[in-house]
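*Asks:* The sequence and its predicted three-dimensional model are supplied below.
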Amino acid sequence: MTAAEPVPAAMARVAIIGAGQAGRRFALRCALAGYAVVLEDVMPANLRRAQAEFSDLVADLGADRAGQPGPGSLELALTVEDAVRDADIAIDFVPDELESKLEIFCLIDRMAPPRTILCTPSEALSITDLASCTYRADRCFAVRGGLGEGDGGVLRLLYPKMADAGALSRVRELLAALGRAIAVELDADEPMLVKNAALG
């Protein structure tokens, strides 16, 4: 990552990878909160479903939002590269297993602009480990507590020791704009390479 690319001053463009039920729900919440959302999935049927749900929501809200700013937008992408090309933040909704998360993190890391923040919902994986496999370890975050769900409990926003304070603030602002309560926590895990070196 080049030091010349500052953290975005505000989140405007959100790339969401995975349009299954949780990814679609999160994408719709972001769009209704005023963000420009780009949703990617390998299954065109999931993208069509998301577009139809967004159209229905906008139509339902039309009369109720008189005099208020309109919702954001929902754009569909067929490739990860197209989704993250101009993203301020990229959030994946791939299965919560190490192989899948590493694959998507590395793919986004390679294709997104250096300013892009990476975020992943994960109940089990260490964000410190995932971040250590990228060129933007200071801009990687994990969320625990049902990111793709509705108005559930408190979301736990985990960050690695090397996290950029501005990037952390941007992620927190995004989650707060969706009406979620957030607890920010340092991920206490050491990268696996450090652990393995200590054991060897």
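*Replies:* Arrived safely, thanks for sending. No experiment lies behind these values; they were computed from the predicted model shown.
*Asks:* List the residues that contact the nearest residue to residue 177 once chain neighbours are set aside.
*Replies:* Spatial nearest neighbour of residue 177, chain neighbours left out: residue 33 (4.9 Å); criterion: Cβ to Cβ, 6 or more residues apart in numbering. (Glycine included, C-beta is placed from N, CA and C.) Each residue near residue 33 by Cβ atoms under 8 Å, 6 or more residues apart in numbering is listed here: 71-72, 177-178.
*Asks:* do you know how far residue 33 is from residue 174?
*Replies:* Noted for residue 33: a distance of 8 Å to residue 174, by Cβ to Cβ, to the nearest Å.
*Asks:* anything in contact with each of those two?
*Replies:* By Cβ under 8 Å, 6+ apart, no residue touches both residue 33 and residue 174.
*Asks:* can you list the weak-confidence ranges in this structure?
*Replies:* 1-9, 62-70, 150-152, 190-200 (pLDDT under 70).
*Asks:* What segments of it are strands?
*Replies:* Here the chain has its strands, by DSSP state E, at 13-17, 36-40, 73-77, 89-92, 117-121, 140-144, 155-159, 182-186.
*Asks:* Write down the beta-bridge partners of the nearest residue to residue 82 once chain neighbours are set aside, one by one.
*Replies:* In space, and not counting its chain neighbours, residue 82 is closest to residue 40: 7.0 Å by Cβ to Cβ, 6+ apart. On the basis of DSSP bridges, residue 40 is bridged to residue 17, residue 77.
*Asks:* now the helices for the protein?
*Replies:* Assigned by DSSP state H, the chain shows helices spanning 21-32, 44-61, 80-84, 98-111, 127-131, 165-177, 192-199.
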